[in-house]
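*Asks:* Here is my input, please return the structure:
(one chain, ligands or ions: 1)
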Amino acid sequence: MLHRPRRLRQSAALRDMVAETRLHPSDFIAPLFAMEGENLKEEIASMPGYYRFSLDLLVKEVKELWEMGCRSVLLFVKVDDSFKDNEGTEALNPDGLMQQAIRRIKETVPEICLMTDVALDPYSEYGHDGIVEDGIILNDETIGVLADMAISHAQAGADFVAPSDMMDGRIGALRIALDTAGFTHVGIMAYSAKYASCFYGPFRDALDSAPVDMADIPKDKKTYQMDPANVVEGLKEAKMDIDEGADMVMVKPALAYLDVIHHIRKESPVPVAAYHVSGEYAMIKAAAAKGWLDEKQAVREVLTSIKRAGADLIATYFVKDIIQLLNSKS
Ligand code: PBG
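*Replies:* Predicted coordinates:
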């Protein structure tokens, strides 16, 4: 035989040398959940080993992530029901939980790239990403509050805003709003191809942000998030966001959408992020708890596959685990 591909697989040294995909701590973005209170750390029932933190413990977590080599965190807040309304009024409170969290993180770890979620759902009494009227999730009427939210996060010190709602035209509106307010240096990571996925379930538990079960309120997000059947549409969304000024685009979820990551990577002149979402975390945790999968191997394999598909950056709840794995010899 002239060709024996197995020759390149015969030792760990050779396999390392010819590996086409390598993970690095700076590939990862750590999503974090902030909550009110002092010295509180609550495990999320459907995300074993993952927590919501009060701000004092949140800043410790960010410091630890930074010291391990993680370069970026993506911040979400759990908002008390009493602060929720249809318009997301609390999202603009300069002393709201998000704004306080941003300030505390930037005071403690100023070098980290702090990204913040810009969407109404944690603040919405209906659990939707936009203002709801007569059973419709309003597009243009929601963009104003999103732009004000982005400015409010920038004023508190956010480095990047990450609009996650799939409204039309919001990237351009946010870019103009940020620039007009003097925040030309604040970046936008666009959730460009975000699918109406069942894999967000545990996240909605974490933030208590699921669409409510009420008459005239849509039970799902299918009129704004994308249909899992579509990939050409994802390319169009990414292209539009890039044209409107997105600094990075994102595909979400990751594992069931590797082809979407691949196609967008081929076309995109900006970095492509993939969000390995809460349900993808939960699946590995649940199977590992049953003894059906080796958790460490599953984490390494899945994250490698997301990068191999073309993701430049990966948001995942396994950031600490994967950095530890990369630092260990096995
Ligand atoms: C909502 C938002 C969601 C996630 C991030 N931002 C859930 C949703 O669209 O309902 C999900 C993240 C995850 O599941 O890990 N703006």
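
*Asks:* Which residue comes closest to the closest residue to the ligand within the stretch 101-250 of the chain once chain neighbours are left out?
*Replies:* Nearest residue of the stretch 101-250 of the chain to the ligand (Cβ to the nearest ligand atom) works out as residue 203 at 3.2 Å. C-beta here means a position set from N, CA and C on the backbone, and glycine is covered the same way. In space, residue 203 comes closest to residue 278 once its chain neighbours are excluded; the distance is 3.9 Å by Cβ to Cβ, 6 or more residues apart in numbering.

*Asks:* residues making contact with stretch 133-140?
*Replies:* With contact meaning Cβ atoms under 8 Å, 6 or more residues apart in numbering, stretch 133-140 is reached by 128-132, 141, 167-169, 216-218, 221, 223-224.

*Asks:* Surely the residue of the stretch 101-250 of the chain closest to the ligand touches residue 277?
*Replies:* Yes. Counting by Cβ atoms under 8 Å, residue 277 is a contact partner of residue 203 at 6.6 Å.

*Asks:* May I see the buried residues of stretch 312-322?
*Replies:* Across stretch 312-322, burial judged by 16 or more other Cβ atoms under 10 Å covers 312-322.

*Asks:* Put together JSON lines for these, with distance to residue 61 and pLDDT on each row.
*Replies:* Formatted as JSON lines, the buried residues of stretch 312-322 follow (distance: Cβ to Cβ, whole Å; pLDDT from 0 to 100):
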{"residue": "312", "distance to residue 61": "24", "pLDDT": "98"}
{"residue": "313", "distance to residue 61": "20", "pLDDT": "98"}
{"residue": "314", "distance to residue 61": "19", "pLDDT": "99"}
{"residue": "315", "distance to residue 61": "16", "pLDDT": "99"}
{"residue": "316", "distance to residue 61": "15", "pLDDT": "98"}
{"residue": "317", "distance to residue 61": "12", "pLDDT": "98"}
{"residue": "318", "distance to residue 61": "15", "pLDDT": "98"}
{"residue": "319", "distance to residue 61": "11", "pLDDT": "98"}
{"residue": "320", "distance to residue 61": "9", "pLDDT": "98"}
{"residue": "321", "distance to residue 61": "14", "pLDDT": "98"}
{"residue": "322", "distance to residue 61": "16", "pLDDT": "98"}
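
*Asks:* Which of those residues sits closest to the ligand?
*Replies:* residue 317 (7.1 Å).

*Asks:* Please tell me how far the residue nearest to that closest one when sequence neighbours are not counted sits from residue 126.
*Replies:* The shortest distance from residue 317 to any non-neighbouring residue, by Cβ to Cβ, 6+ apart, is to residue 281 (4.3 Å). Per Cβ to Cβ, to the nearest Å, residue 281 is found 26 Å from residue 126.

*Asks:* who in the protein is up against the ligand?
*Replies:* By Cβ under 6 Å from any ligand atom, the residues of the chain that approach the ligand are 117, 119, 121, 129, 164-165, 200, 203-204, 221, 277-278.

*Asks:* returning to what we had before: could you pull up the residues touching the residue nearest to residue 203?
*Replies:* Residues in contact with residue 278 (Cβ under 8 Å, 6+ apart) are 46-47, 199-203, 206, 317.

*Asks:* Residue 141 - how many residues pack around it?
*Replies:* Counted with other Cβ atoms under 10 Å, the neighbours of residue 141 add up to 14.

*Asks:* That one belongs to a helix, doesn't it?
*Replies:* Yes. Under DSSP: H, G, I helix; E, B strand; the rest coil, residue 141 sits within a helix.

*Asks:* who touches it in this structure?
*Replies:* 130-131, 133.

*Asks:* One more: residue 118?
*Replies:* Counting by Cβ under 8 Å, 6+ apart, residue 118 makes contact with 146, 149-150, 153, 161-165, 174.

*Asks:* Mind checking which of the residues you listed land in strands?
*Replies:* Counted as lying in strands by DSSP state E, out of the contacts of residue 118, are 161-163.

*Asks:* So between residue 281 and residue 126, which is more surrounded?
*Replies:* More neighbours surround residue 281 than the other of residue 281 and residue 126, with 26 against 20 (other Cβ under 10 Å).

*Asks:* export the strand or helix carrying that one as PDB, just CAs?
*Replies:* Here residue 281, judged by DSSP states H and E, is contained in helix 278-289. What follows is helix 278-289, C-alpha atoms only, in PDB (Å, rounded to 0.1, in the frame of the first residue of the first chain):
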ATOM      1  CA  SER A 278     -28.100  25.300  28.200                       C
ATOM      2  CA  GLY A 279     -29.900  22.200  26.800                       C
ATOM      3  CA  GLU A 280     -26.700  21.000  25.200                       C
ATOM      4  CA  TYR A 281     -25.000  21.300  28.600                       C
ATOM      5  CA  ALA A 282     -27.800  19.500  30.300                       C
ATOM      6  CA  MET A 283     -27.700  16.600  27.900                       C
ATOM      7  CA  ILE A 284     -24.100  15.800  28.600                       C
ATOM      8  CA  LYS A 285     -24.600  16.300  32.400                       C
ATOM      9  CA  ALA A 286     -27.600  14.000  32.500                       C
ATOM     10  CA  ALA A 287     -26.000  11.200  30.500                       C
ATOM     11  CA  ALA A 288     -22.800  11.500  32.500                       C
ATOM     12  CA  ALA A 289     -24.800  11.300  35.800                       C
END
